[in-house]
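Novice: Here is a sequence with its predicted model. Questions after.
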Amino acid sequence: MYQYLIKDLPKDERPRERLEQGGAQILSNIELLAIILRTGSKSRSVINLAEEIVTKYPSMHSLKNITLDELMTIKGIGKAKAIQVLAALELGKRTNQAILERGLQIRSPIDCAEYIAEEVKSLEQEHFIGIYLDTKNRILAKKTLFIGSLNRSLVHPREVFKEALKHGCASIIVCHNHRATCS
């Protein structure tokens, strides 16, 4: 692994400058992580740290549930850098969720499945979720009503309807994930 510092790169190849000139969408995952990490360590450049994270967690999906302790196992990633990465990941999750929130119209079961799939696909336990709609089937609110065990969720209708009354909704969609397990 070539050990180079950002300052050793030509200006037009540095991640921050590339972002400024062409936008974030042109950067690789390594370059984006390098910007988030800001600096390297005494023995490793910021690019090397970002490369190791991307090598260890090659898909964005695998980064989705990474923990503070897992990040800190990477030499050169201390608590502060790990927290920066986790904060950036959470901001990305929230941004993605905000796009799918209030005002989205649910016209079919497929719309509902697309709306909820990203949120529930990697959950480790059963989740029971209420989606509350207005008269034009636009989302007023969404709430996880119950979190169960690995393969079971006990639901009481009182909680479902309490949220419906709270939001003054015209209709309700309830859904839950089926966590498949292999043995």
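Specialist: Here it is on my side, so go on.
Novice: Beta-bridge partners for Tyr132, please?
Specialist: With DSSP bridges as the criterion, Tyr132 is bridged to Ala141, Ile172.
Novice: contacting residues around the spatially most central residue of the chain?
Specialist: The residue lying closest to the centre of the chain (C-alpha atoms, centre = their mean) is Lys93, at 3.2 Å. Neighbour list for Lys93: Lys64 [criterion: C-beta atoms under 8 Å, 6 or more residues apart in numbering]. For every residue, glycine as well, the C-beta is placed using N, CA and C.
Novice: next helix or strand past the strand or helix carrying Gly92?
Specialist: Gly92 is part of helix 79-99, with elements assigned from DSSP states H and E. Counting by DSSP H and E, the next helix or strand C-terminal to helix 79-99 is helix 109-120.
Novice: And Pro10, how close does it get to Glu17?
Specialist: 9 Å (C-beta to C-beta, to the nearest Å).
Novice: mind listing what the nearest residue to Leu68 once chain neighbours are set aside touches?
Specialist: Closest residue in space to Leu68, ignoring its immediate chain neighbours: Ala82 at 5.1 Å, by C-beta to C-beta, 6 or more residues apart in numbering. Shown in contact with Ala82 (C-beta under 8 Å, 6+ apart): Leu68, Leu71, Met72.
Novice: ok, and the closest non-adjacent residue to the second one?
Specialist: Meaning Leu71. That would be Ala82: by C-beta to C-beta, 6+ apart, it lies 3.7 Å from Leu71.
Novice: what pLDDT does the one you found get?
Specialist: According to the prediction, Ala82 has pLDDT 95.
Novice: now swap in Leu49 and tell me
Specialist: So Leu49 comes in at 93 (pLDDT).
Novice: which element is it on?
Specialist: helix 46-56.
Novice: Contacts for that helix, please.
Specialist: 1, 3-4, 6, 29-31, 33-34, 37-41, 63, 71, 74-77, 81, 85.
Novice: For the helix or strand containing Leu32, list the C-alpha coordinates in CSV.
Specialist: According to DSSP H and E, Leu32 maps onto helix 29-37. This file holds the C-alpha atoms of helix 29-37, laid out as CSV (Å, rounded to 0.1, in the frame of the first residue of the first chain):
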residue,chain,number,x,y,z
ASN,A,29,-16.2,6.1,-1.7
ILE,A,30,-12.6,6.2,-0.5
GLU,A,31,-12.4,9.9,-1.3
LEU,A,32,-15.7,10.7,0.5
LEU,A,33,-14.5,8.8,3.5
ALA,A,34,-11.1,10.6,3.4
ILE,A,35,-13.0,13.9,3.6
ILE,A,36,-15.1,12.7,6.5
LEU,A,37,-12.0,11.4,8.4
